[in-house]
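S.K.: based on what follows, work out the 3D shape:
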Amino acid sequence: MKKLIKWLLIVISVLAMIFLLLRLGFKIVYTIKPELGYSFVEDKAPKVKSIQSYGADRQYVSIGLDRNHITGDVGMTQNYFVTASYKYRVDAKANKLKIDKGESVIITTYDLNTSNFKKKTFDLLPILLKDGINHQIIDLTAITYEGKDYLELTYYTTDLKADTIWYDMESERVESAKSTDYQIVYELFGKEYDKLDFSSKIRSDYGIFIGKLNLNNAYQKAKNLENTNLALELPKVAENLSNGEALYGRPAQVNTEEWFNTALHWFAPKGQEIMEIYAKDLETGEKTQIKSYADFKEWKKQHPSND
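M.R.: Just a heads-up that it's a prediction; the model follows:
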């Protein structure tokens with residue numbers, strides 16, 4: 001009986017030692033490879049299938065992705081097409097406001113000034129930390145502002161309050177935001193375009209959205225383009241849009257007026273100079289045909305109450 005008890009004590013001791021070693025071993029792995037102890041989620045940007053430039057000065061760029069995507073982690077500046085992939089820690093001990101070990105924001109840029117659209121990939125978070133910035137980045141937008149290319153980075157300062165900083169893509173330094181006028185920063189059409197049936201006609205007739213300097217940035221497949229001036233004059237661009245690609249105007253080379261007038265011509269039926277669009281007075285219901293950007297500016301002057 002004493003021998004049995006002795007053997008039981010030995011077995012218990014061995015099991016306790018094994019359990020202790022296993023726990024110690026897990027702690028070592030946990031320290032060296034935090035992914036084994038932390039929980040992460042990844043939001044990967046779509047892969048770029050194709051980049052093509054058009055126009056005498058390469059002022060238009062067609063982008064094809066491997067899946068449909070709504071803007072947010074892809075975007076265009078004057079000199080770069082940009083994608084961003086995020087890796088966040090999400091377990092109970094994750095810090096919602098600061099950068100946790102193992103997290104990343106992987107930026108990929110394609111240089112639009114090179115013949116092969118030279119690709120560069122880097123992790124943004126070590127750059128932020130080096131500059132003394134320890135914020136959880138929740139959103140990123142590629143922009144061109146006053147001739148310079150930036151990544152606008154949004155982060156939470158509290159659970160309910162957000163702020164922004166800008167990353168200069170040339171100097172590779174972080175700066176304070178240059179502007180908070182998002183209509184200017186994001187190159188938005190603006191609410192005054194609500195008086196036009198321009199965007200809605202393109203959406204209903206061709207199945208794509210038009211922005212201030214982009215077509216189809218939701219990467220949906222366009223329809224019915226075969227009978228447009230676009231298909232006649234730039235058949236490859238029309239084909240790309242029909243296959244779910246997007247088209248961007250480079251902001252230092254294509255201004256709002258040129259983009260507006262070009263789109264009016266592109267989406268007109270073959271042989272017709274411009275598509276037929278109207279501005280509507282919201283007070284009287286009166287409709288006025290708009291044949292150019294200059295027409296639209298003049299109409300706005302004559303209808304200030306619609307602003």
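S.K.: below-threshold pLDDT in the protein: ranges please.
M.R.: 1-37, 69-72, 182-192, 306-307 (pLDDT under 70).
S.K.: for residue 127, give me its contacts.
M.R.: 167, 172, 174 (CB atoms under 8 Å, 6 or more residues apart in numbering). Just so you know, the C-beta spots here come from the backbone N, C-alpha and C atoms, and that holds for glycine as well.
S.K.: buried ones in stretch 255-273?
M.R.: 259, 260, 261, 262, 263, 264, 265, 266, 267, 268 (16 or more other CB atoms under 10 Å).
S.K.: end-to-end on it?
M.R.: 20 Å (CA to CA, to the nearest Å).
S.K.: just how off-centre is that stretch within its chain?
M.R.: 26 Å (CA atoms, centre = their mean, to the nearest Å).
S.K.: which residues touch it?
M.R.: 198, 201-202, 205-206, 210, 212-213, 215, 227-234, 249, 254, 274-277, 291-294, 296.
S.K.: with distance to residue 244 added, can I get the buried residues of stretch 255-273 in JSON lines?
M.R.: Putting the buried residues of stretch 255-273 into JSON lines (distance: CB to CB, whole Å) gives the following:
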{"residue": "259", "distance to residue 244": "21"}
{"residue": "260", "distance to residue 244": "24"}
{"residue": "261", "distance to residue 244": "26"}
{"residue": "262", "distance to residue 244": "21"}
{"residue": "263", "distance to residue 244": "19"}
{"residue": "264", "distance to residue 244": "24"}
{"residue": "265", "distance to residue 244": "23"}
{"residue": "266", "distance to residue 244": "18"}
{"residue": "267", "distance to residue 244": "18"}
{"residue": "268", "distance to residue 244": "23"}
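S.K.: in helices only, show me these.
M.R.: 259, 260, 261, 262, 263, 264, 265, 266 (DSSP state H).
S.K.: and the strands in the stretch 101-250 of the chain?
M.R.: 104-111, 119-123, 137-145, 148-156, 162-168, 173-176, 214-215, 246-249 (DSSP state E, counting those that start in this stretch).
S.K.: which among these is found nearest to residue 96?
M.R.: Residue 96 sits nearest to strand 148-156 of all the strands of the stretch 101-250 of the chain, at 6.8 Å, using CB to CB.
S.K.: run through who's touching the closest one.
M.R.: 77-80, 82, 84, 96-97, 107, 124, 128, 135-144, 162-170, 174-175, 177-178, 185.
S.K.: for stretch 87-107, same thing?
M.R.: Contacts of stretch 87-107 (CB under 8 Å, 6+ apart): 34-35, 38-43, 82-86, 121-125, 128-129, 134-137, 140, 151, 155-159.
S.K.: may I see the buried residues of that stretch?
M.R.: Buried residues in stretch 87-107, counted by 16+ other CB under 10 Å: 87, 88, 89, 94, 99, 100, 103, 104, 105, 106, 107.
S.K.: distance to residue 304 added to these, as CSV?
M.R.: Converted to CSV, the buried residues of stretch 87-107 look like this (distance: CB to CB, whole Å):
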residue, distance to residue 304
87, 50
88, 47
89, 52
94, 51
99, 48
100, 52
103, 50
104, 50
105, 44
106, 48
107, 43
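S.K.: which pair in the residues you listed spans the largest distance?
M.R.: The widest separation within these (CB to CB) is 21.9 Å, between 94 and 107.
S.K.: from residue 164, how far off is the closest residue to residue 167 other than its chain neighbours?
M.R.: The shortest distance from residue 167 to any non-neighbouring residue, by CB to CB, 6 or more residues apart in numbering, is to residue 151 (4.2 Å). Distance, residue 151 to residue 164, by CB to CB, to the nearest Å: 10 Å.
S.K.: phi, psi of residue 45?
M.R.: When quoted as degrees, to the nearest 10, the phi and psi of residue 45 stand at phi -70, psi 150.
S.K.: so it makes contact with residue 67?
M.R.: No: using CB atoms under 8 Å, residue 45 makes no contact with residue 67, being 9.9 Å away.
S.K.: compare the two (neighbour count), which wins?
M.R.: residue 45 (20 against 10; other CB atoms under 10 Å).
S.K.: circling back: just give me the closest of the ones in helices among the buried residues of stretch 255-273 to residue 301.
M.R.: The closest of those, once distances to residue 301 are taken by CB to CB, is residue 260, at 16.3 Å.
S.K.: could you pull out the helices for the stretch 151-300 of the chain?
M.R.: 182-185, 198-206, 229-233, 235-242, 256-266, 293-302 (DSSP state H, counting those that start in this stretch).
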